[in-house]
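# Fold the following.
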Amino acid sequence: MSRHNLPIEGQKPMRPAELAGLLRTFISHAKSNCLTFAALRQRLDAMPEDTFKYRRRMFLDIAAPIMEAWDAALAAEGGIDFEDMLNLAAGHLESGRYEAPYELVMADEFQDASRARARLCRALVQKPGRYLFAVGDDWQSINRFAGADVSVMTGFREWFGHGQMLKLEQTFRCPQALCDVSSQFVSRNPAQISKQVRSVAPAMGPVLQTFQVDSKGKLADAIDEFVLRLAQGVESGTIPPGPDGKISVYVLGRYNADRQYVPTRQTRFERWVDVSFVTIHRSKGSEADYVILPEMLSVLRGRSFPNTRADDPVLALAMPAGDDYPDGEERRLFYVALTRARRSVAMFTARGQCSSFLRELVKDGAVSIADTKGQTIQEERCRRASKVS
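Take a look at the predicted model:
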């Protein structure tokens with residue numbers, strides 16, 4: 001292709017390893033959503049003419065022979081990949097070549113179902129007298145990057161027909177005040193299924209705390225100081241210990257790099273506090289007495305929560321449509337983080353870099369921002385200066 005065919009605002013070429021990873025992700029999403037290459041072309045044709053469309057067209061020109069070669073290599077070995085397994089199984093059931101012997105099919109974590117998985121579930125119960133029992137929480141649908149399509153659950157009846165919905169609205173983990181804050185936050189997205197979460201867990205101190213330091217470089221010391229205060233509280237008896245004489249603390253990271261905030265030299269407090277790290281994505285189903293969110297930041301470049309780095313635009317051709325609410329999936333991820341705590345969530349931020357999620361909680365009156373000594377901070381965002389002629 002000659003240089004003059006490239007748009008003026010074109011991006012720099014991707015590194016080979018980065019392009020290979022993007023291609024693998026693209027192929028996985030295309031198969032998970034049952035999209036043939038012809039269907040991908042139709043999606044592209046329906047998009048408006050712009051720079052992204054030019055780039056997507058170039059990408060499909062690269063992806064087409066690779067997808068064909070991938071399927072040919074699998075066929076030569078008599079093999080299939082995971083997405084093929086789901087689609088082929090659903091195809092056999094839908095065509096009647098195979099009849100499932102099951103009267104009842106049960107699916108757990110249904111909020112993470114891809115279209116291929118939903119299609120298989122539907123095919124398993126297509127005969128009369130067959131039933132599907134699905135359990136999930138659309139408020140915790142956080143795996144779109146892995147093919148999950150939250151609309152499979154929020155649009156359950158469109159997929160499977162009429163069915164009875166039972167809402168599990170009682171929790172035994174979080175105190176009611178934390179349930180109220182987190183529920184209000186995630187429910188601002190009108191696409192989420194409405195629920196009224198009730199708790200029987202007693203409150204132990206403030207359920208939400210926010211600490212601000214002068215710069216990001218001081219976050220680690222502030223978190224270390226917070227954990228030491230918890231240990232001192234258990235030692236003195238002002239903080240009730242758990243059944244084993246300790247309290248548990250999760251440092252929950254939006255990114256793996258947040259592991260750096262786990263305090264070192266744990267011999268100082270391990271008699272009273274167990275501290276461990278896990279990413280929010282991997283924390284579902286887990287819980288701790290105290291949760292620490294170490295980087296509640298909004299920055300122009302780098303790690304932010306909510307994450308401001310969008311998926312590569314070419315993936316829109318193959319991925320399920322995200323919900324239209326701003327930061328919809330990041331809001332659900334924040335909800336998951338808040339609801340891992342049995343007692344309290346401590347959030348840490350830096351001056352001038354406060355997360356938009358945290359600002360929303362402050363505006364709601366759910367939390368106030370304090371320094372590491374507990375003194376409330378009143379910080380106003382700078383208004384954009386108007387141009388003076």
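# Spit out the contact partners of V345.
Contact analysis of V345 by Cβ atoms under 8 Å, 6 or more residues apart in numbering lists 178, 207-209, 290-293, 337-338. Glycine gets a C-beta too; all of them are placed from N, C-alpha and C.
# got a list of what V135 touches?
The neighbours of V135, taking Cβ under 8 Å, 6+ apart as the test, are 106-110.
# for the chain, longest strand please?
Longest strand in the chain, counting residues (DSSP state E): strand 341-350.
# could you dump that one to PDB, C-alpha only?
Extracted C-alpha coordinates of strand 341-350, given in PDB (Å, rounded to 0.1, in the frame of the first residue of the first chain):
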ATOM      1  CA  ALA A 341     -15.700  -6.200  53.000                       C
ATOM      2  CA  ARG A 342     -17.300  -7.600  56.100                       C
ATOM      3  CA  ARG A 343     -16.600  -4.400  58.100                       C
ATOM      4  CA  SER A 344     -15.000  -1.500  56.300                       C
ATOM      5  CA  VAL A 345     -13.500  -0.300  53.100                       C
ATOM      6  CA  ALA A 346     -10.500   2.100  53.200                       C
ATOM      7  CA  MET A 347      -9.800   4.000  50.000                       C
ATOM      8  CA  PHE A 348      -6.600   5.900  49.300                       C
ATOM      9  CA  THR A 349      -6.100   8.800  46.900                       C
ATOM     10  CA  ALA A 350      -3.700  11.600  46.100                       C
END
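# who does that strand pair up with?
The pairing partners recorded for strand 341-350 under DSSP bridges are strand 208-213 (parallel), strand 288-293 (parallel).
# which of those is buried the deepest?
strand 288-293 (a mean of 25; mean count of other Cβ atoms under 10 Å).
# What's the mean pLDDT across that one?
The average pLDDT within strand 288-293 is 97.
# which is the next helix or strand following it?
Once the chain leaves strand 288-293, the next helix or strand it forms, by DSSP states H and E, is helix 328-338.
# For that next one, what does the pLDDT average out to?
Taken as a whole, helix 328-338 carries a mean pLDDT of 95.
# Would you map the helices across the stretch 101-250 of the chain?
115-124, 151-154, 156-160, 176-186, 219-236 (DSSP state H, counting those that start in this stretch).
# tilt between the fourth one and helix 328-338?
For helix 176-186 and helix 328-338, the angle between their directions (axes from the mean of the first three to the mean of the last three Cα atoms, to 10 degrees) works out to 170 degrees.
# average pLDDT across helix 176-186?
What helix 176-186 shows for mean pLDDT is 96.
# and E18, what pLDDT?
83.
# gap between the helix or strand just after the longest strand of the chain and the chain center?
Remark: after strand 341-350, the chain's next helix or strand is helix 356-363, criterion DSSP H and E. The gap between where helix 356-363 is centred and where its chain is centred comes out at 19 Å by Cα atoms, centre = their mean, to the nearest Å.
# tell me the pLDDT at R381?
On the pLDDT scale, R381 gets 58.
# now do K387
For K387, pLDDT reads 42.
# Endpoint to endpoint, stretch 142-151 covers what distance?
Stretch 142-151 has an end-to-end distance of 12 Å (Cα to Cα, to the nearest Å).
# now do stretch 193-205
End-to-end distance of stretch 193-205 (Cα to Cα): 30 Å.
# Show me what that stretch is in contact with.
Counting by Cβ under 8 Å, 6+ apart, 138-139, 153-154, 167, 169-180, 183, 187, 239-240, 342-344 sit against stretch 193-205.
# now swap in stretch 38-49 and tell me
Applying Cβ under 8 Å, 6+ apart, the contact partners of stretch 38-49 are 30, 35, 53, 56-57, 60, 317-318.
# In helices, which of those residues fall?
Within the contacts of stretch 38-49, residues falling in helices by DSSP state H are 30, 53, 56-57, 60.
# Could you identify the most distant pair in those?
A30 and K53 (17.6 Å; Cβ to Cβ).
# Those two: which has the busier surroundings?
It is A30, of A30 and K53, that has more neighbours when counted by other Cβ atoms under 10 Å, with 21 against 14.
# Please tell me how far the more buried one sits from F133.
Between A30 and F133 the computed distance is 30 Å (Cβ to Cβ, to the nearest Å).
# likewise A89?
In this view, A89 and F133 are 19 Å apart by Cβ to Cβ.
# okay, those two: which has more neighbours?
Using other Cβ under 10 Å, the more surrounded residue of A89 and F133 is A89, with 18 against 14.
# list the contacts for that one?
120, 123.
# Quick one: residues contacting the most centrally placed residue in the chain.
The structure's the chain has its C-alpha centroid closest to I142; by Cα atoms, centre = their mean the separation is 3.1 Å. Contacts here follow Cβ under 8 Å, 6+ apart; on that basis I142 touches 148, 280-281, 284, 329, 332-333, 336.
# ok, R332 - contacts?
If you count contacts by Cβ under 8 Å, 6+ apart, R332 has them with 139-142, 186, 192.
# Looking at these, which is nearest L300?
I142 (24.3 Å).
# just to revisit the earlier point, per-residue confidence at the residue nearest to the centre of the chain?
Looking at I142, the pLDDT reads 90.
# Quickly note the distance from it to F357.
In terms of Cβ to Cβ, I142 sits 14 Å off from F357.
# cool, and Y98?
Using Cβ to Cβ, Y98 is found at 47 Å from F357.
# More neighbours: which of these two?
F357 (23 against 12).
# ok, the more buried one touching P306?
Yes: using Cβ atoms under 8 Å, F357 is in contact with P306, at 6.1 Å.
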